[in-house]
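Enquirer: give me coordinates for this.
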Amino acid sequence: MTKPALIVVDDDPQVLAAVRRDLRAHYRQDYTIISASSGEEALTTIKELKSRGDSLAMVISDQRMPGLQGTDVLAQSRETYPLARRVLLTAYSDIDAAIKAINDAHLDHYLAKPWAPPEEKLFPVVDDLLDSWKADYQPELTGLRLVGHQWSPRSHEIKDFLASNLVPYRWVDIDRQPAVAAELLESKGLSADALPILFFEDGEALQSPEPQEVARRLGRPMTAARDDVYDLVIVGGGPAGLAAAVYGASEGLQTLLLDRHAAGGQAGASSRIENYLGFPSGVSGRDLTNRALTQAKRLGAECLVPIEVAGITIEAGYKHVHFGDGRKLVTRTLLASTGMVYREHPAAGVAEHTSAGVYYGAATTEAPVFTGKRVVVVGGGNSAGQGAMHLSRFATEVQIVVRGDSLAATMSKYLICQIEKTPNIRLRTRTEITRVDGSDHVERVTFASPEGTGEEPVDAVFIFIGTRPRSEWLPAEVLRDARGFVLTGRDLMAHDDYARVWKEPREPLPLETSVPGIFAAGDLRASAMNRVASAVGEGSMVVRFVHDYLALT
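Expert: So this is what the prediction gives:
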């Protein structure tokens with residue numbers, strides 16, 4: 001089978017035939033539709049697909065069936081195809097069971113019978129789920145292939161760049177797939193000393209490339225701005241920046257979005273966001289980012305990634321944006337939405353193993369590598385909880401390490417409940433990591449707690465603690481609080497240097513910094529709420545204040 005499969009499960013022959021008919025009418029060109037009359041038959045079919053190396057995109061199962069219930073089928077299918085989307089068909093009386101299954105069976109959606117007309121109630125749901133599946137799934141490709149060492153920081157950098165920008169590729173680990181790697185290297189007469197090497201479908205190979213070089217080679221409009229002067233330049237492509245790009249472009253502003261790595265920020269790296277309005281089954285950060293970026297581009301925003309902003313200078317009210325490669329552009333207004341970055345963990349050995357078993361943030365790119373391994377998540381916030389849940393799909397054991405007595409003070413209750421129900425996640429309270437050891441990658445970690453100190457074998461450490469604002473690129477005239485967060489609006493007036501730097505005959509606009517026409521939103525801003533929804537709200541609001549500023553100048 002060359003097409004991914006959609007499996008429909010129902011013990012009622014008429015319902016099964018109706019669902020199969022509707023799906024085939026709409027999806028048969030791109031997917032193979034398979035039906036099963038019982039949960040047992042469906043799971044047997046799923047195992048056969050796996051043994052043949054075929055792809056499974058979605059399982060749609062009725063809830064009430066003899067033998068295995070629908071939630072059991074969906075939960076067990078996740079063990080074989082963790083990325084396949086799972087949909088429960090349910091009668092109105094079973095909706096409570098469907099809602100419960102969102103957590104217990106990691107359900108992606110539920111459909112109440114009847115689903116007619118399918119154009120309104122079935123196809124839009126399936127379309128969205130298949131789009132998100134395609135964004136997450138990495139098919140076996142003959143096109144772009146990256147050969148490298150698993151524990152190489154440069155290999156990790158290129159993998160993370162490709163995945164974050166939704167560029168499909170095939171990863172070839174030279175240690176695990178020596179024959180495949182040797183064949184590729186020999187075809188171009190290259191040595192393993194030059195790894196990582198990125199092979200393109202046309203035969204060209206780039207040795208140890210920088211992300212900017214990869215972007216240029218892929219032919220993406222990532223490093224050349226269209227215009228000389230913009231109405232709004234947004235630095236930082238997280239939720240706040242993406243929202244500003246959508247609203248700025250939709251309201252006719254010449255809008256440019258810049259990011260040094262990939263759109264989405266820390267939220268884009270989240271494996272699952274479950275408390276964002278309008279997504280009852282949750283949404284991955286990558287899926288949410290991809291939707292927002294597509295929307296911004298469709299409305300006319302320009303997006304350049306990867307590009308590093310080195311600084312800002314002001315001349316006659318215009319903001320000159322200086323790039324790390326020496327180029328610059330001009331804008332009338334600027335939004336700083338670069339968010340926060342993780343601080344380096346102080347434990348011995350962490351710096352030496354960064355990107356070689358130690359990862360800051362979710363590192364969803366690397367999670368599948370640790371299938372059957374033991375990993376540690378350091379931190380007790382929502383990002384740590386989401387990362388732990390994602391890693392639990394692959395790792396044999398996930399340990400969450402926190403210094404406090406519990407997760408209650410720092411993590412949302414829905415995540416705490418999910419963690420408690422996940423058997424391969426272990427919470428270690430009042431515990432710290434004091435040392436990381438290994439030869440060329442992480443092999444052992446030393447833990448310290450009131451009970452004592454001990455060393456344990458561990459394959460990876462994912463760190464979600466100690467964030468700081470990424471505001472160093474802003475000019476010194478932009479006032480910050482004691483921790484480096486950018487002050488905006490009326491909060492500026494309490495700063496000792498406010499009268500010295502603010503010379504306008506008006507008060508600062510909401511979300512405006514101490515430099516007129518430079519705004520800040522999202523986690524970078526002092527007093528921000530550190531939630532995706534609030535960042536989106538601020539990014540949307542700032543466009544109104546940009547219009548007000550432009551009307552004054």
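Enquirer: below-threshold pLDDT in the stretch 351-500 of the chain: ranges please.
Expert: 362-363 (pLDDT under 70).
Enquirer: what segments of it are helices?
Expert: Assigned by DSSP state H, counting those that start in this stretch, the stretch 351-500 of the chain shows helices spanning 382-391, 413-421, 498-501.
Enquirer: can you point me to the longest helix in the chain?
Expert: helix 532-552 (DSSP state H).
Enquirer: residues in contact with that one: which ones?
Expert: By Cβ atoms under 8 Å, 6 or more residues apart in numbering, the residues outside helix 532-552 that reach it are 231-232, 238-248, 251, 253, 267, 273, 275-277, 288, 332-333, 335, 337, 506, 509-512, 516-517, 519, 521-523, 525, 528. For every residue, glycine as well, the C-beta is placed using N, CA and C.
Enquirer: repeat that with 7 Å
Expert: Residues external to helix 532-552 that are found in contact with it (Cβ atoms under 7 Å, 6 or more residues apart in numbering): 231-232, 238-244, 247-248, 251, 253, 267, 273, 276-277, 332-333, 335, 337, 509-512, 517, 519, 521-523, 528.
Enquirer: same question for stretch 264-277.
Expert: 164, 236-239, 262, 282-286, 288-289, 339, 361-362, 364, 383, 386-387, 389-390, 412, 414, 532-533.
Enquirer: can we see that at 8 Å?
Expert: By Cβ under 8 Å, 6+ apart, the list of residues contacting stretch 264-277 from outside reads 164, 236-239, 241-242, 259, 262, 279, 281-286, 288-289, 293, 339-340, 361-364, 367, 383, 386-387, 389-390, 412, 414-415, 522-523, 532-533, 535.
Enquirer: restricted to strands, list those residues.
Expert: M340 (DSSP state E).
Enquirer: how about CSV for the helices of the stretch 351-500 of the chain, with distance to I102 and mean neighbour count added?
Expert: Output for these, formatted as CSV (distance: least, Cβ to Cβ, whole Å; neighbours: other Cβ atoms under 10 Å):
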stretch, distance to I102, mean neighbour count
helix 382-391, 13, 26
helix 413-421, 10, 15
helix 498-501, 48, 12
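Enquirer: from memory T553 sits against T333, does it?
Expert: No - T553 is beyond contact range of T333, at 9.1 Å (criterion: Cβ atoms under 8 Å).
Enquirer: between those two, what contacts are shared?
Expert: Common neighbours of T553 and T333 (Cβ under 8 Å, 6+ apart) are G517.
Enquirer: neighbour-wise, which of these two wins?
Expert: Shown here are T553 and T333; by other Cβ atoms under 10 Å, T333 has more neighbours (27 against 10).
Enquirer: mind listing the residues bridging to that one?
Expert: L232 (DSSP bridges).
Enquirer: got the contact list for it?
Expert: 231-233, 319, 517-519, 546, 549-550.
Enquirer: please redo it, this time with the cut-off set to 7 Å
Expert: So T333 contacts 231-232, 517, 519, 546, 549-550 (Cβ under 7 Å, 6+ apart).
Enquirer: ok, and the most crowded of the residues you listed?
Expert: F519 (32 neighbours).
Enquirer: which element is that residue on?
Expert: Using DSSP states H and E, F519 sits in strand 518-520.
Enquirer: determine the set of other helices and strands touching that strand.
Expert: strand 328-336, helix 532-552 (3 or more Cβ pairs under 7 Å, 6 or more residues apart in numbering; DSSP states H and E).
Enquirer: most packed of the ones you listed?
Expert: Counting by mean count of other Cβ atoms under 10 Å, strand 328-336 has the highest mean neighbour count of the helices and strands packed on strand 518-520, with a mean of 23.
Enquirer: what angle do helix 532-552 and that strand make with each other?
Expert: With axes from the mean of the first three to the mean of the last three Cα atoms, to 10 degrees defining the directions, strand 328-336 sits at 120 degrees from helix 532-552.
Enquirer: not counting sequence-adjacent ones, nearest residue to W502?
Expert: Leaving aside its chain neighbours, W502 sits nearest to S514 (5.7 Å; criterion: Cβ to Cβ, 6 or more residues apart in numbering).
Enquirer: count residues in the vicinity of that neighbour, would you?
Expert: 22.
Enquirer: still on that earlier bit, buried subset of the contacts of stretch 264-277 as a PyMOL selection?
Expert: Listed next is the PyMOL selection for buried residues among the contacts of stretch 264-277, using 16 or more other Cβ atoms under 10 Å:
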select buried, resi 164+236+237+238+239+241+242+259+262+279+281+282+283+284+285+286+288+289+293+339+340+361+362+363+364+367+383+386+387+389+390+412+415+522+523+532+535
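Enquirer: tell me the contacts of G372?
Expert: G372 touches T396, counting by Cβ under 7 Å, 6+ apart.
Enquirer: any idea how far it is from N424?
Expert: To N424, G372 is 11 Å away according to Cβ to Cβ, to the nearest Å.
Enquirer: list residues touching both of these two?
Expert: Jointly contacting G372 and N424 under the rule Cβ under 7 Å, 6+ apart are T396.
Enquirer: ok now stretch 6-16, how far from the chain's centre?
Expert: 34 Å (Cα atoms, centre = their mean, to the nearest Å).
Enquirer: what's the first-to-last distance across that stretch?
Expert: Terminal residues of stretch 6-16 lie 13 Å apart, using Cα to Cα, to the nearest Å.
Enquirer: re the thing from before, distance to S355 added to the helices of the stretch 351-500 of the chain, as a markdown table?
Expert: Listed next are those as a markdown table, based on distance: least, Cβ to Cβ, whole Å:
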| stretch | distance to S355 |
| --- | --- |
| helix 382-391 | 16 |
| helix 413-421 | 26 |
| helix 498-501 | 40 |
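Enquirer: work out which residue lies at the spatial centre of the chain.
Expert: A269 (2.5 Å; Cα atoms, centre = their mean).
Enquirer: before I go, just wanted to say thanks for your time.
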